[in-house]
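Visitor: model the following, please.
(2 chains)
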Amino acid sequence: MNAAPIDAARLIRVATKQWLRGPLAGLLALAVCLPVLAFAAVRIVPSPSLALATGLAALASFASTRGPMRVTLATLRHGWLAPLPITATTRWLTAAFPCLTGAALVGALVAVAVHPAWPFEVAVALAAGSIAGAALAVTWPVARGATAYPQSRYRLSAPSADPDPDLGPVVVDLHSAVAARLQPSTLARVAAPALVLLPTGLSSLQALQCLAALVAVIYGTALFTALGPFVEGTQRWTSALPLHRPHLAGRLQRSVRVRLAWIALGIAPILFAALDPIGAVMAIAVSVGLLDRIAAFRTRRIGRPG
Amino acid sequence: MSAGTPALATRGLVVGHGDRRILEVDDLELPLGAWWAVLGPNGCGKTTLLDTIAGRKAALSGSVFIDGHSMTAAPRRARSALGVVLPPDVLPPRLTLRECLAVFCAAHGRSKPAADVEELVGAWGLAGRLDEFVDRSSLGTRQKLAVLLALVSDPKLLVLDESFNGLDPASGIVLKNHLDQRVRGARCSVLLATHALDIVEQHADCALLIDRGRVRARLGRRELEACRGRLDVRLAERLSTVSAP
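Guide: As a prediction, the model looks like this:
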């Protein structure tokens, strides 16, 4: 018996339809935030270079596409389409197409919104950058074990009685939970007021630094808001594994530290631009140290018995 | 595949995490036209076995063949012959029941479900509710959808994990009769993990008793009939025997 031919186009069409039926609140937030973002961008950088426009759009698009792509691909790998005889390419296309369509749509809308203030070629560069950033995000590898939160590969397995179990999947779960929070509408909601508050007349490089810092802060916020519910949820299902809980807490803490280092790298440029080098180093050390302590405090709850 | 090809065959299947083995199964051969039940206490490895057969979990070693096709060497062919009844909570919330069915038909190269699947839709009273969104549907309706999705491809092997949960008694009877027809007509085989011993007594040709990651006993049709009405006692006896030091 030959494998039946796959109607990939229909799969992609349905996936796109499902994506378009996302929560109405999210779509409304996006619709409200886009003009605000465009207005803020025009106010902050009155005459942007082509490179800046492309870079800004690519960075913003990458940051807002990565989370949905990760969640969608994990859902296709482990969720309802998992038993189907579809190729890895079809699966990837099914996940990537809605993400790219969304980025192209948002890029086009922003280009239209800024066109009266910025030259036509800059508006086109914005749209192109948006698609390029999304293309990078969808081709960026997603860990094979990644599951769509709150499903967990680890929780689906039998509880480990090993003294040294592999806790990697739990860490992947945590970052799936973070990815699930990094939806475009959330990013737009946070970015819009932040951009309105920025000073006007920034240079291209300063604007790019600001955006990098903003993305880092948004990621950090998502990480910390996901950490609490994740720790609570994990505590419930690890209660049967008292020996492993301190181990799990330590593993999560280490994983969070790596992300904190990335956030520090993201906010470093703007701090170095605003403060003297010693002040910037101090600011990074204090803020990252503080965040690390908060993360340790939260994850320590897993380590406690009972 | 030839008429004698088993719907399911496993060879040296070992499942685990890292070096830890949580399930070791002797070679299994489920012929076409047979209904096997998988029994055992909670956490014994029933779902792990079914997930591994369905390709949702990777084995540490060993092979799974569906209708003669290896799940690792020819996964698309193997999956074409496999129907897996998914847990209702993984179904897509923002699609309608009709759209879900269309996706599964498309993935199996069909324009619409087979006639007897449409009959099942009618028997369950779902015909007028196919345009409901999944997240607006009751647990029972989602469970029925999961069964329909598994059946659209006319699979040679149907894997069900506690799939009668959430179905009202009448719908459960409809499903049992439907599956019986498919099995007795040698269109497919059924592998069902369940705690509902009445289904096992009435429909299964063989029951695998799993405990602590191993198949501890196989009860054939004759043995199942012999202990009709007291299968629970028989299973408890078997488990106490295998658990004894």
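
Visitor: got a list of what the nearest residue to residue B:82 once chain neighbours are set aside touches?
Guide: Distances taken as CB to CB, 6 or more residues apart in numbering or on different chains put residue B:66 closest to residue B:82, at 4.8 Å, once the chain neighbours are dropped. Using the backbone N, CA and C atoms, a C-beta is placed for each residue, glycine as well. Neighbouring residues of residue B:66 by CB atoms under 8 Å, 6 or more residues apart in numbering or on different chains: B:7-8, B:53, B:78-79, B:81-82, B:156-157.

Visitor: pipe the residues you listed into CSV and attach neighbour count per row.
Guide: CSV is the format used below for those (neighbours: other CB atoms under 10 Å in any protein chain shown):
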residue, neighbour count
B:7, 28
B:8, 23
B:53, 27
B:78, 24
B:79, 26
B:81, 24
B:82, 29
B:156, 27
B:157, 23
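
Visitor: please identify which of the residues you listed is nearest to chain A.
Guide: The closest of the contacts of residue B:66 to chain A turns out to be residue B:79 (CB to the nearest CB; 3.8 Å).

Visitor: ranges for the helices of the chain?
Guide: Defaulting to chain A. A:8-20, A:24-44, A:50-78, A:88-114, A:120-139, A:153-156, A:168-181, A:184-197, A:204-237, A:245-274, A:277-303 (DSSP state H).

Visitor: oops, I was thinking of chain B
Guide: Counting by DSSP H, the helices of chain B are B:46-53, B:75-80, B:97-107, B:115-123, B:139-151, B:169-184, B:197-203, B:221-226, B:231-243.

Visitor: and those as TSV, adding distance to residue A:133?
Guide: Output for the helices of chain B, formatted as TSV (distance: least, CB to CB, whole Å):
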stretch	distance to residue A:133
helix B:46-53	37
helix B:75-80	33
helix B:97-107	29
helix B:115-123	43
helix B:139-151	36
helix B:169-184	48
helix B:197-203	53
helix B:221-226	61
helix B:231-243	58
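
Visitor: to residue A:20, which of the ones you listed lies closest?
Guide: Closest approach to residue A:20 among these (CB to CB): helix B:97-107, 12.6 Å.

Visitor: just want the angle from the closest one to helix A:8-20.
Guide: With axes from the mean of the first three to the mean of the last three CA atoms, to 10 degrees defining the directions, helix B:97-107 sits at 150 degrees from helix A:8-20.

Visitor: now helix B:97-107: buried residues?
Guide: B:97, B:99-107 (16 or more other CB atoms under 10 Å in any protein chain shown).

Visitor: give the full set of residues in contact with residue B:229.
Guide: If you count contacts by CB under 8 Å, 6+ apart, then residue B:229 has residue B:201 around it.

Visitor: picking up where we left off before, for residue B:225, find the nearest of the helices of chain A.
Guide: Per CB to CB, nearest to residue B:225 of those: helix A:153-156, 35.2 Å.

Visitor: what mean pLDDT does the closest one have?
Guide: On average, the pLDDT along helix A:153-156 is 47.

Visitor: ditto for stretch A:76-92
Guide: According to the model, stretch A:76-92 has a mean pLDDT of 82.

Visitor: how about it against chain B, any contact?
Guide: Yes: on the criterion CB under 8 Å from any CB of the partner chain, stretch A:76-92 is in touch with chain B at A:78-87.

Visitor: quick one: residue B:57 and residue B:13 touch, right?
Guide: No: shown here, residue B:57 and residue B:13 do not form a contact pair, counting by CB atoms under 8 Å, at 10.8 Å.

Visitor: hmm, residue B:108 and residue B:152 touching each other?
Guide: Yes: with contact defined as CB under 8 Å, residue B:152 reaches residue B:108; the gap is 6.4 Å.

Visitor: I'd like the distance between the nearest residue in space to residue B:53 that is not next to it in sequence and residue B:159.
Guide: Excluding the flanking residues, the one nearest residue B:53 by CB to CB, 6+ apart is residue B:64, at 5.4 Å. Separation of residue B:64 from residue B:159 (CB to CB, to the nearest Å): 11 Å.

Visitor: who has more neighbours, these two?
Guide: It is residue B:159, of residue B:64 and residue B:159, that has more neighbours when counted by other CB atoms under 10 Å in any protein chain shown, with 27 against 23.

Visitor: residues touching the residue nearest to residue B:53, list them.
Guide: So residue B:64 contacts B:8-10, B:13, B:52-53, B:55, B:70-72, B:78 (CB under 8 Å, 6+ apart).

Visitor: which of those residues lies closest to residue B:130?
Guide: The nearest member of these to residue B:130, counting by CB to CB, is residue B:55 at 27.9 Å.

Visitor: this completes my enquiry, with thanks.
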